[in-house]
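Colleague: Dropping a prediction and its sequence here:
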Amino acid sequence: MAQLSVFVFITLDGYYKGLNEDISWHKHGPEESEFSEENLQSGNMLLFGRKTYEMMANFWPTPMAQELYPIVAAGMNKAEKIVFTKTLQKANWQNTRIISENIFDEIRKLKQIPGRNMTILGSGNLIGQLAEEGLIDAYQIMVDPVAIGDGTPLFKNIKSPLNLKLTGTRTFKNGEALLNYIP
């Protein structure tokens with residue numbers, strides 16, 4: 001059975017995005033790029049909600065992304081991607097398909113495909129919905145050493161407690177901490 005994991009960065013005060021969708025507080029240095037390159041080698045299918053998908057699709061295929069992060073850009077562009085949305089009609093980023101109905105059933109079907117693991121990147125609303133349904137197998141939460149005071153909390157929409165077990169940590173030179181959890 002395939003595994004569904006989450007990778008998301010948050011602030012010390014628990015926000016995955018600031019006011020007006022701001023994520024400029026996240027600092028992505030060389031060490032974090034190496035970490036991203038390692039993760040993309042897994043070949044996981046990438047899952048997004050619409051807002052995160054649009055942000056990613058507007059950056060990774062660009063010459064700027066290829067110049068700044070050539071290996072990550074190549075991996076992101078090559079990866080199979082799914083965007084869960086009821087409003088987006090067409091996906092222009094290569095290797096992307098749209099799923100607009102029955103997201104829980106679709107995730108359950110995808111999890112039945114052996115050896116085809118999936119990773120949700122960002123997409124806090126999607127994370128909340130799938131966490132509530134018990135469909136997420138692992139969480140990788142990158143905590144940036146910054147507090148922003150206001151924004152959107154990662155687990156804003158869950159209705160019951162989400163009890164997680166810490167399985168590992170990693171610290172980065174810039175002060176970021178990666179926390180690995182399972183339900």
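Modeller: Done, it's in.
Colleague: what does the least confident helix or strand in the chain by mean pLDDT rub up against?
Modeller: In the chain, the helix or strand scored least confidently by mean pLDDT, DSSP states H and E is helix 30-40, which has a mean of 78. Counting contacts by CB atoms under 8 Å, 6 or more residues apart in numbering, the residues outside helix 30-40 that touch it are 7, 28, 69, 71-72, 75-76, 79, 119, 142, 172-174, 176, 178. Yep, even glycine has a C-beta here, placed from its N, CA and C like the rest.
Colleague: Stretch 141-150 too?
Modeller: 6-13, 15, 18-19, 22, 25-27, 32, 154, 174-179, 181.
Colleague: Among the residues you listed, the buried ones, what's the PyMOL command?
Modeller: Buried members of the contacts of stretch 141-150, defined by 16 or more other CB atoms under 10 Å, are picked up in PyMOL with:
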select buried, resi 6+7+8+9+10+11+15+18+25+26+32+154+176+178+179+181
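Colleague: thinking again about what came up before, kindly supply the PyMOL command isolating those of the contacts of helix 30-40 that are buried.
Modeller: The buried residues among the contacts of helix 30-40 can be selected in PyMOL (16+ other CB under 10 Å) with this line:
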select buried, resi 7+28+69+72+75+76+79+119+142+172+176+178
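Colleague: just checking, residue 91 touches residue 82?
Modeller: No: using CB atoms under 8 Å, residue 91 is not in contact with residue 82; the gap is 9.1 Å.
Colleague: Tell me the one of the contacts of helix 30-40 nearest residue 42?
Modeller: residue 119 (7.8 Å; CB to CB).
Colleague: Look up phi and psi at the closest one.
Modeller: When read as degrees, to the nearest 10, the backbone of residue 119 gives phi -130, psi 130.
Colleague: Tell me who's in contact with the residue nearest to the spatial centre of the chain.
Modeller: Closest residue to the average C-alpha location of the chain: residue 121 at 1.2 Å, with CA atoms, centre = their mean. Applying CB under 8 Å, 6+ apart to residue 121 gives the contacts 7-8, 46-48, 52, 56.
Colleague: try residue 103
Modeller: Per CB under 8 Å, 6+ apart, neighbours of residue 103: 84, 126, 129-130.
Colleague: would CSV of these with distance to residue 115 be doable?
Modeller: Formatted as CSV, these follow (distance: CB to CB, whole Å):
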residue, distance to residue 115
84, 22
126, 23
129, 25
130, 20
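Colleague: Please narrow the residues you listed to those residing in helices.
Modeller: 126, 129-130 (DSSP state H).
Colleague: Could you list which residues are in contact with the nearest residue to residue 135 once chain neighbours are set aside?
Modeller: Leaving aside its sequence neighbours, residue 135 sits nearest to residue 107 (CB to CB, 6 or more residues apart in numbering; 5.1 Å). By CB under 8 Å, 6+ apart, the residues touching residue 107 are 4, 118, 130, 133, 135.
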